[in-house]
Structure formats: C-alpha cells, structure tokens
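Engineer: Here is a sequence together with a model predicted from it:
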Amino acid sequence: MTAPSGRIRAALLGAALLATLSACAPGTGQQVTTPPAPTASGSPSGVNTDIAGVGDVTLTVWDQEVRGGQNEQIEKLNAGFQDKYPNVTIKRVSQSVDDLATTLRLALTGDDAPDVVQANNGRNTMGAFVAAGQLIPLDDYAQAYGWQERFSPSILKFSTYSTDAKVFGEGSLYGLPQTGEVVGVFYSRSKLAGLGLEIPKNWTEFEAALATAKQAGETPLVLGNIEKWPAIHVFGPLQGSTVPADQITALALGNSGASWTTPENEAAAATLQGWVEKGYFNEGVNGADYDAVWQGMTKGEGVFLIGGSWLAADMGAAMGDDLGFFVPADAAGRYATTGGTGLPFAVTSASQHSDVAAAYLDFLTSDDAMQILVDTGNLPVNRTAELAGSAGGALSEVFTEFGKVAGSGDVLPYLDYATPTFSDTLGAALQGLIDGQLTPAAFTEALEADYAAFVASNG
Amino acid sequence: MADREGLTSDRRRNRLAGPAWLPWVYLAPALLLYGGFLLFPLARAAQYSLYEWDGLTPSSTFVGFRNYLAVIGDPRLREAFGHAGVLIFFYAVLPLAIGLILATILARGKVRGRGFFRVVIFLPQVIAMVVIAVTWRQLYAPDGPINATLRAVGLGALARPWLGDYFWTLPAVGFIGTWVSTGLVTVLLMAGIARIPKDLYEAARLDGASAVQEFFAITLPSLRGEITVALTLTIVAALKTFDLVYVTTRGGPGTSTTVPSYEVYRNAFELGRVGIATAIGIVLTVIIFAINAVVNRIGDRE
C-alpha cells in the first residue's frame, strides 16, 4: 500500500484545483472578438444586402416584445421576413424586460450568443456591451439601407455611442428601435367632465385641475411606485417643465457639463414633494404596485396618471373612448417631456450572419412595419404623424402628442440612462422624496454625487 | 473447522475491501457532483473576488483584497448586512419562541385534530417562496386585505403602505419569514418533545411542579439538540434571503430592505461589478459559517 495518506491527497487535490483556477483569470477564457472598425466613409463594400442568396441561415433573436400588441407585431413581422426569405429561419427567444436585462450579459459572453438582441439604450446595457466589443457598429448598413433618411437624428442619437462607449449620443450607430415612447398624462374623460374641467394645456392648468379634483373628493393623481422606477416617469416631465432641455440631456446621457444641484432641478423636486403633501396622490404610493394602480384607474380609481405611451394599448382596451392623453406645455408654451424609443435591436459581434441580421433590422423598421405596429396598437417610431388617423381612441392622441414633442419640442432621454447605477440611485431618491425622507435639496445632492462620480471616472 | 472459518472470513473481508481505489469509485458520483457544482464554484468565486471584472470584457484586473475593503467601506453594503441581522430575529428567534409555545401546547394537551394543526402549521414550508412573496405583496398592498381589515375593525390609524414605509417595511418582510419558519421549527420541536420520557414529567408532577416549571426544567433542556438544528436552518435562511426581497420590495423603499444576497445580484447582473459581488458572497458565506459555528458550539455543550 503506497497510496498517499489522506492529508497529502487533500493537499494534492487542493493544489490541482488552485492550478486550474490560476490558469485563467476571470474573463480570459472567452473568445476575443474584435468588432470590425467602421469604415471611414464611402463604399459600404463589406455589406451584402442580397439575403436570398446567402443559403440556409438560422437567425437567433432575443427580444422582450411579450405584451399583447408587442407580441402580435413581432410575430407578424417575423413571419413576413421568413416569407420574404424562405432560406432564413428565425429562432425567437422572448423574455420580459427585467429577465432580458439580467440574462443578456451571460448570453453575450457564452458560446451560443444570439445574432440579434434587444438591448436597453442606457450605459449599463448597450453602453457596456459596446465597450466590451459585443455589438457591431451599423454605420455601413445604415448607408446601404438608408437608415439615416428613415429615422430622425434625435431618435438615432439614443442608440449611438463612441466605439469606446465613453460618449453617449455621438459616434457610431449600434441599434435600431421600432417604436417611439412618450411620457405624458393619461386621464379619464368622464371624470374630467364630471368635475367640470377642460383638458389642461400646461402645467399651471394641470396643477389647478389636481386641486379641483382633490376638493371634489377624487384621487387626483395615481402612482404605483413599489418598483422604484415608475416615479422616474413622473419626475421626468416635471423636470422638463423647469430645467432647460440641453441640461437634462447632458444629465441623462451621463455626459459632462451639467449639474443636478441647480435651483431648477430643486424646484421640480419640490413640486413633486408638494403634490404628495397636498394629498394629490393615492395613499401609500411607495407601497403600491405599478400594474395594480393603472388597472385601478381603468376601474375608476383616479383622475390622472402620469405614465408612458406603452400603457395606452392596455388601458385603452379597458377604458375605450374614456381614456385620453396629453402632454402639458411649459410656461413658454413649449413641449418637453421624457420619451425616446422602445428598446433598440442590435447585432452581436458573435453573429456569423451579420448581413442577415442587418436585413432583419431593416425589415423590422421598414415603412410597412410601421403600419403593422399601428395595426397592433403600438406607437411607431417613424411616420407617426401620418399614421395617427388610422389609430383609434387614446392611441391617436398619443400619436399626435408624440408628433408634437418629437417635431417641435424636446424628447428628453430617460434619466436612468445616465450612469450604470443611476436607475437605482434615482429610484431610491425619489422614494425618499415622496416619503419626505429627503428634502428637495438633499434629493438633488444624492443625484449629483452619482452623476459627478461617473463623469469624473469616465474621463 | 476453525482454520477454514478464519480463512473464509479473511477472504470475505478481502473481497469486501477490494482494491484500494475502490472506495473512490463509490464516492466518485457524489464527489464529482459536490466538487463540480459546489466546491469548484466556491473556489472560483473566491478567486473572482480578488479581481475587478465587469462580466463582459475578456480582461480583468487583479486587485487583491481591495474588493473586500470596498465591501466593508460601503455604507450601503454595511446597511444590507445590518438588515440581514434584523431578519435573523424574524426568521429564527421569533419562530423559535412561537414554536416552543405551540409545540408544548400541541404535544402536551390532548388537542383534538392535532394532525390537522401540524399540517396547517407546516404548510408554508411546502409553498415556493416566490408564490409566498407574491401573495404577501398583495396582502400588504395599500388597499389590500390587511389594511382593509384594520379599517373594518376601527384600527384605520394603523393601516399603512406596509411595503412602502421606511420604518415598517423591513419588519413586514421579516414577518413573512416568521410565518414561513414557524412551521418548520414547531414540527421539529414536537418531534423532540415526543422523544422525552413521560416518567420525567410524571416525577415532576409528583413533586408538585407547575406547567411552567415543567417547561423550564424538563422540556427546554431536553430540546437542546432540536433547538440547535432549528436555529441553524432558520439563521441560514435569514442570511441568504433573496427571493422574498426581490419579489416584494427590490430593496426599497429607498434602501431600507436591501440584503446581502440582493446586493450580490445587483452588483453582478445590474451593475457588472463581478468582483464586488463575489466578495459580498464570500463575506456572507463566512458570516453564515461563523454564526452557525457559535450556535452549534453552544448547542453541543453539555
């Protein structure tokens, strides 16, 4: 018996384990795929738009189009693309937006990375993927397919990064959105009529309407904020009414040159806190469920709800013509509110079929696709104004208001794009502001700390 | 005869023992699974915690123990560990107190339908945590059943947004843990009480001991082993809580219900700070080991 004793055995085992571990530091085991540098200008030579000729291809697409109308449109368009190119099979993997955000990181670094993914525009998602070289720049394809003409530059800005992802809003194009989004005020037509109110045109009239509704014993404004992020969509439009648009854009994109600790930002925070103190909101905002609250409004609980256009389809289905939508103007009569695009579709650098993937993106955002989006109750990012007529009820109002804001006003980016931690920082700070834990000044200081630290570290 | 017998038993022993590597073959399936899915990931996590890595880029920086210093230095993370400490009270201490009372009553008295009560008390253990969390989230809603009941009995002043209140949310979440753990603790203790010899109680009663004296002189000391097991299980559950917080509050309002496991998730998957995330995980593992070592040391002492 010459077998080593247990202790030696264990030591050997441990040493072997350590050896395998130290062989590779985290991350170094992956394949390094360098994204192709965007060609300077001119010929989109490496680009192939003849998809029928590429042979049999399976395109794996990860999307989050899971709600009713969203799911309907993507299924129609996927079927349409496969009809057009019978040699292409689309393998669709759909998940809720929260699940997608957490699994995408792992998926992109894995061996079976999808070809096309829907990634949030913000720095902690698309920005992080760009910095890690996991998405390809689409500039050559944009030229071949004419995407710059199809989309408004203010829309493409939200999926544009420098190739090192330090600058957001300038540089190369990394994704194409299908839908537009605008945050505004939903209201119940019958409640407004019952209170003898007109549709408020601006923020002053809106606040007056809130006061009237309160006096009449209604819940003027409803919000479910247990998830932390919903209040961001209330604060955003409010901030748009007091803070200059270029400052908000810099703050929201995490670019240098702005500050949170300004009297204007503080005023917006004070207004929001004031609404809580005056009892304009439903009770227990921070403990109420986002979905439960908008569903409650469709059953008559609440006069106004500040929220995104994505609610229009579901709320309209329940309320019919009773549901209305508007964006209040600021004191100067200008429309500035939070908005932007649905999650853009991007092409991964791991994809073997980037030509097919690009053709798919082109198909999803074509003029015909915009009509399908309208038919399925979505807000198309392009041709919005001309298609407004073919949408019914509250949706046509959403279209008109989006057209107004995107056309002559300012589409303000989502504030949580700013830094990787900002969604959490802002969400927590807003809960504190609503609860009265934070003064408006302390609120802006908490945000400035996050923003300033990021700007400093980003160089 | 004797010789032959000795021979056969020797041969049998040899056949049973077999070659020296044979035990390893028997152990291999379990060892490979345990090693591959537990020891290796644990060692890998310990290694990751020494690096700065975003989970995406194919390169990482060795930073030594800086991630651990960051964990200790970050007030938000210290707060999360503090919350886990509060949860120990709700997951372990409170269920133990309730469980002792319930088990004594159920085991002592001739309660009609004891089996039924045992099933009802144990039921929360069987339900998936996510289901429990979703259910309680609705119970705790501002216009949910709990507040509705309070208002109906004239205690409207106590009604509040249970999961949106800076003071009450952590106890509210903790109470769900109490509800879950109590069944397990009670059933464990009932099994322990059933094991105590009846003549001990008889002797005590002959000596004129009251029910309370009986409890402290006989029941409690005899249950030392069961209490240790119950505390170990529930403390581990308290410290590694994730699903409950994720589903009910996501750490809110503000940061008032963040827990270490939630911070691991947030740092790794939302913020891309894999080094920090694994460092939190390792610290949490060490704390769980340390607390349970103390509990078991006390429990084993005669």
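Structural biologist: In hand now; what should we look at? Note that the structure is a prediction, hence the values are computed from the model and not measured.
Engineer: Report the buried residues of stretch A:255-269.
Structural biologist: Within stretch A:255-269, the residues scored as buried using 16 or more other C-beta atoms under 10 Å in any protein chain shown are A:255, A:258, A:260, A:262, A:265-269. No exception for glycine: its C-beta is placed from N, CA and C like everyone else's.
Engineer: what helix or strand is the closest residue to residue A:293 other than its chain neighbours on?
Structural biologist: Using C-beta to C-beta, 6 or more residues apart in numbering or on different chains and skipping the chain neighbours, the partner closest in space to residue A:293 is residue A:224 (3.3 Å). Under DSSP states H and E, no helix or strand contains residue A:224.
Engineer: Turn the buried residues of stretch A:255-269 into a markdown table, columns for secondary structure.
Structural biologist: A markdown table is the format used below for these (DSSP: H, G, I helix; E, B strand; the rest coil):
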| residue | secondary structure |
| --- | --- |
| A:255 | coil |
| A:258 | coil |
| A:260 | coil |
| A:262 | coil |
| A:265 | helix |
| A:266 | helix |
| A:267 | helix |
| A:268 | helix |
| A:269 | helix |
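Engineer: ok, of those, which one's closest to residue B:90?
Structural biologist: residue A:269 (34.3 Å; C-beta to C-beta).
Engineer: Test my guess that that closest one contacts residue A:442.
Structural biologist: No. The criterion here is C-beta atoms under 8 Å, and residue A:269 misses it with residue A:442 at 9.3 Å.
Engineer: still on that earlier bit, tell me the one among the buried residues of stretch A:255-269 nearest to chain B.
Structural biologist: Chain B has its nearest neighbour among those in residue A:269, at 15.0 Å by C-beta to the nearest C-beta.
Engineer: give the contact list for the nearest residue to the closest one once chain neighbours are set aside.
Structural biologist: Nearest residue to residue A:269 in three dimensions, chain neighbours excluded: residue A:440, at 3.8 Å (C-beta to C-beta, 6+ apart). Residues in contact with residue A:440 (C-beta atoms under 8 Å, 6 or more residues apart in numbering or on different chains) are A:266-267, A:269-270, A:273, A:433.
Engineer: Which stretches in the stretch 51-200 of chain B count as helices?
Structural biologist: According to DSSP state H, counting those that start in this stretch, the stretch 51-200 of chain B carries its helices in the segments B:66-73, B:75-88, B:94-108, B:114-126, B:129-139, B:145-152, B:169-195, B:198-206.
Engineer: Lowest mean pLDDT across those helices, which one is that?
Structural biologist: When the helices of the stretch 51-200 of chain B are ranked by mean pLDDT, helix B:114-126 comes last with a mean of 85.
Engineer: Off-centre distance for that one?
Structural biologist: 19 Å (C-alpha atoms, centre = their mean, to the nearest Å).
Engineer: Do a quick rundown of the helices in the stretch 251-400 of chain A.
Structural biologist: A:263-277, A:290-298, A:312-319, A:354-364, A:367-375, A:384-387, A:393-408.
Engineer: ok, how many other residues are close to residue A:277?
Structural biologist: 10 (other C-beta atoms under 10 Å in any protein chain shown).
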